[in-house]
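S.K.: just a sequence and a predicted model for now, questions to come.
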Amino acid sequence: MIDIILSGCGQGIIWALLAIGFYIAFRILDFADMTCEGSMTLGGAVTAMLIWQGVNSFLAVVIAFIAGLLAGAVTGVLHTKLKIPPILSGILTMTALYSVNIHIMSIATGTSGTANLSLLKYIDDTVFAIIRSIIPLSKRDVTLVFGVIIVLGTIGLLYWFFGTEIGCAIRATGNNEKMCRAQGINTDNTKIIGLALANGLIAVAGSLLTQHQGYADVKMGVGSIVIGLASIIIGEALFARAKGFFFKLIGIAVGSVIYRVIVALVIYSGMPSDDLKLMSAVIVIAALAFTNYKNEIVGAFKKLFSRFKKKPEEKEEKSNE
Amino acid sequence: MSEANNARPMLVLDNIVKIFNAGTVNEKIALNGLSLTINDGDFITVIGGNGAGKSTLMNAITGVFKVDSGSIVLDGEDIGHLPEYKRAKYFGRVFQDPMMGTAAGMQIDENMALALRKGQFRGLKWGVSREEREDYKARLAELGLGLEDRLTSKVGLLSGGQRQAVTLLMASLKRPKMLLLDEHTAALDPKTAAKVLEITDRIVGENNVTTLMITHNMKDAIEHGNRLIMMHEGRVIIDVSGEAKKNLTVEELLSMFAKASGGEFTSDRAMLS
């Protein structure tokens, strides 16, 4: 049991980067960015291909980040320069990336149409294996320790970045675009930068996930938008009182870990893994519906409760009659 | 007012035309060959009925959209081709909707810092510096709204009047070439509106900044500024300044409007009183 929870934590800490990236697009820029489904896979595909080519796996993470930046920038350009609505811009980039990802993985194997790339032959070349060769840790612990360091480092950098002049301008863009233009902010640029950064982080999540699970697959990003949303919702609910950007991001990371632990426990309890995406969708729907109908639901419960309280009185009245 | 002495033109609008939905049944000629010269130091109040083109005029000046024809020359520079965000450095703007001028989810100091960097490159330096904060505090204290102690409060927590006051401060933080106020007191209760107008007068006076203020309130239009223009169907139909403007009464203004607009006075009366 503890094993399952801890391995869930390890997965969760990698997926936290996805959740944080998605948070930048979704909450800071107010842009429900579907690109993440493609950029997650892009990060994985680029990393697996580069490791096959003998590139250092740490460098592969950096290159995956850059690839993600580009993917996000494409969505940004589609939206700002070609005036395509946000969701559609993301879907278009995501769809295009499906082909791109297959091409990238095909570079490694030399056969076209490669839909997945195993790292079985290169299992000693992943970042986790390299760290384990220096510091003697179990595979599970290395994921946890390295993951926590990466996530905390990322949160620190983001905290700094969104406190800078350009970072403030990006935050303001998500808040009030009209005001931004009146203050001389080129909102096209701030959106493109924000989306690039978001997808860069998501690609890093894909890169680390690929190295953790030992393969890249063209479908590995499917449903990641819902997982990101679920992590954000759990994190915001738990850290509802958190003040300041730093603790909000910590909350998202914790939300991601908790989500993965729940998933691990559900699978452990015997639910077929095919139903996972259905479960994630239902969790997110329930959470979103709850936030939209909070007052009604709380009101209904209160009513129900007061009815139980009143019942005895009503009976008395009836008996009097 | 010494408009005769400093007759240097600040903004020259020449024959501006803007048609919305051209060629459709919803075609609307919003600005119909409007020409207007605004001198440096002018404080112009703009009145006119609904659909007269007042807000369209402001949006044309600031570049929310490009005009169909005509030229916009600001302080000798043709700005008609510049995108909105590039024109922003010349203008300070306050909108009718108090929600519009500030970023609700950001702190007061962060909002002001955004305004201070108008027209500058935004890089990786801290978004708000310590020295700035002291300056903001002093400026907020002058408003007399107690905001100087709430520098790190989210702007979304402020009342409409407080938000408009902060927006005004932001608009004038870096002295703009022109201050453009689009019915910035219309959404406020009378007492708050009066307070915001008082702050407006002070900021305009202190900075001696050329100002264009749209208002629905004829009394305010007469009491504030040195020049009054009335718009109708996308044109300026009345332009009064100096002593003549000072001595205007609301009744005189209404009859002037009736004469100039050719009888559409009754339907618009409600909008103008």
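M.R.: Right, received. Where do you want to start?
S.K.: and the next helix or strand past the helix ranked longest in chain B?
M.R.: Of all segments of type helix in chain B, defined using DSSP state H, the longest is helix B:190-207. As assigned by DSSP states H and E, the chain's next helix or strand after helix B:190-207 is strand B:210-214.
S.K.: contacts for that following strand, please.
M.R.: Residues lying outside strand B:210-214 but in contact with it, judged by CB atoms under 8 Å, 6 or more residues apart in numbering or on different chains, are B:10-11, B:38-47, B:54-55, B:58, B:61, B:177-184, B:200, B:204, B:224-225. All C-beta spots, glycine's among them, are computed from the backbone N, C-alpha and C.
S.K.: how about the helices in the chain?
M.R.: Chain wasn't specified; assuming chain A. Using DSSP H, helices in chain A cover A:2-23, A:35-52, A:57-80, A:86-109, A:127-134, A:139-161, A:165-175, A:177-182, A:187-213, A:224-238, A:245-268, A:276-292, A:294-320.
S.K.: hm, I was asking about chain B
M.R.: B:54-62, B:84-87, B:108-116, B:130-143, B:160-173, B:190-207, B:218-223, B:242-246, B:250-261, B:265-272.
S.K.: adding distance to chain A, write those out as TSV.
M.R.: Below are the helices of chain B laid out as TSV (distance: least, CB to the nearest CB, whole Å):
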stretch	distance to chain A
helix B:54-62	7
helix B:84-87	5
helix B:108-116	5
helix B:130-143	11
helix B:160-173	8
helix B:190-207	17
helix B:218-223	23
helix B:242-246	29
helix B:250-261	31
helix B:265-272	24
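S.K.: returning to that earlier point: the longest helix of chain B packs against which elements?
M.R.: Other elements packing on helix B:190-207 under the criterion 3 or more CB pairs under 8 Å, 6 or more residues apart in numbering or on different chains; DSSP states H and E are helix B:160-173, strand B:178-182.
S.K.: let's have those in a markdown table, adding mean neighbour count, mean pLDDT and distance to A:A64.
M.R.: As requested, those are exported to a markdown table (neighbours: other CB atoms under 10 Å in any protein chain shown; pLDDT from 0 to 100; distance: least, CB to CB, whole Å):
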| stretch | mean neighbour count | mean pLDDT | distance to A:A64 |
| --- | --- | --- | --- |
| helix B:160-173 | 24 | 95 | 41 |
| strand B:178-182 | 24 | 97 | 47 |
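S.K.: now the ones you listed in a markdown table, with distance to B:I72?
M.R.: Output for those, formatted as a markdown table (distance: least, CB to CB, whole Å):
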| stretch | distance to B:I72 |
| --- | --- |
| helix B:160-173 | 19 |
| strand B:178-182 | 11 |
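S.K.: how deep is residue 174 tucked in, by neighbour count?
M.R.: The chain I'm using is chain A. A count of neighbours around A:G174, defined by other CB atoms under 10 Å in any protein chain shown, yields 23.
S.K.: correction: the question concerned chain B.
M.R.: Other residues close to B:K174 by other CB under 10 Å number 16.
S.K.: quick one: residues contacting residue 151.
M.R.: Since no chain was named, I'll use chain A. Contacts for A:V151 (CB under 8 Å, 6+ apart) come out as A:13, A:16-17, A:20, A:253.
S.K.: try again with chain B
M.R.: Contacts for B:L151 (CB under 8 Å, 6+ apart) come out as B:107-109, B:133, B:136-137, B:140.
S.K.: where does chain B dip in pLDDT?
M.R.: By pLDDT under 70, the weakly predicted segments of chain B are B:1-6, B:263-273.
S.K.: rerun at 80
M.R.: Along chain B, segments meeting pLDDT under 80 span B:1-7, B:261-273.
S.K.: excluding its backbone neighbours, what's nearest A:V263?
M.R.: By the measure of CB to CB, 6 or more residues apart in numbering or on different chains, the closest residue to A:V263 outside its immediate chain neighbours is A:L276, 6.3 Å from it.
S.K.: brain fart, A:G21
M.R.: That would be A:L201: by CB to CB, 6+ apart, it lies 3.5 Å from A:G21.
S.K.: and A:F247, how many residues sit next to it?
M.R.: Neighbours around A:F247, by other CB under 10 Å: 15.
S.K.: which parts of the stretch 1-150 of chain B sit against chain A?
M.R.: Contact residues (CB under 8 Å from any CB of the partner chain) of the stretch 1-150 of chain B with chain A: B:62, B:83-86, B:88-89, B:91, B:93, B:95, B:99-106, B:110-111, B:113-115, B:117-119, B:122-128.
S.K.: out of the residues you listed, which are buried?
M.R.: Neighbour counting over the residues of the stretch 1-150 of chain B next to chain A (16 or more other CB atoms under 10 Å in any protein chain shown) leaves B:62, B:84-85, B:88-89, B:91, B:93, B:95, B:99-106, B:110-111, B:113-115, B:117-118, B:122, B:127-128 as the buried ones.
S.K.: least confident secondary structure element in chain A?
M.R.: Across the helices and strands of chain A, mean pLDDT, DSSP states H and E gives its lowest value to helix A:294-320, namely a mean of 68.
S.K.: near chain B, which residues of the stretch 151-300 of chain A are found?
M.R.: A:161, A:163-169, A:171-172, A:174-176, A:178-187.
S.K.: do you know how far the nearest residue to B:K245 once chain neighbours are set aside is from chain A?
M.R.: Leaving aside its sequence neighbours, B:K245 sits nearest to B:L228 (CB to CB, 6+ apart; 5.1 Å). Noted for B:L228: a distance of 25 Å to chain A, by CB to the nearest CB, to the nearest Å.
S.K.: dig out what B:L228 forms beta bridges with.
M.R.: For B:L228, the beta-bridge partners under DSSP bridges are B:T45, B:V240.
S.K.: contacting residues for it?
M.R.: B:44-47, B:221-222, B:238-241, B:245, B:248, B:253.
S.K.: what does A:V55 give?
M.R.: If you count contacts by CB under 8 Å, 6+ apart, then A:V55 has A:I63 around it.
S.K.: mind checking pLDDT for it?
M.R.: Here, the pLDDT recorded for A:V55 equals 97.
S.K.: for the one 4 residues further on, same thing?
M.R.: Predicted confidence (pLDDT) for A:L59: 98.
S.K.: count of neighbours near it?
M.R.: 12.
S.K.: verify the stated contact: it with A:T47.
M.R.: No - A:L59 sits out of contact with A:T47 when judged by CB atoms under 8 Å, with a separation of 9.9 Å.
S.K.: any idea of the mean pLDDT for stretch A:269-282?
M.R.: In this model, stretch A:269-282 has an average pLDDT of 88.
S.K.: I should have written stretch A:238-248 there, sorry.
M.R.: pLDDT averaged over stretch A:238-248 gives 89.
S.K.: ok so, going back, out of the helices and strands packed on helix B:190-207, the one nearest A:M1 is which?
M.R.: Across the helices and strands packed on helix B:190-207, A:M1 has its closest neighbour in helix B:160-173 (53.2 Å, CB to CB).
S.K.: now for the closest one, which elements pack on it?
M.R.: So helix B:160-173, by 3+ CB pairs under 8 Å, 6+ apart, packs with strand B:91-94, helix B:108-116, helix B:130-143, helix B:190-207.
S.K.: winner for burial among the ones you listed?
M.R.: strand B:91-94 (a mean of 27; mean count of other CB atoms under 10 Å in any protein chain shown).
S.K.: can you list contacts of that one?
M.R.: By CB under 8 Å, 6+ apart, strand B:91-94 touches A:182, B:58, B:61-62, B:101, B:164, B:167-168, B:170-173, B:176-182, B:184, B:209.
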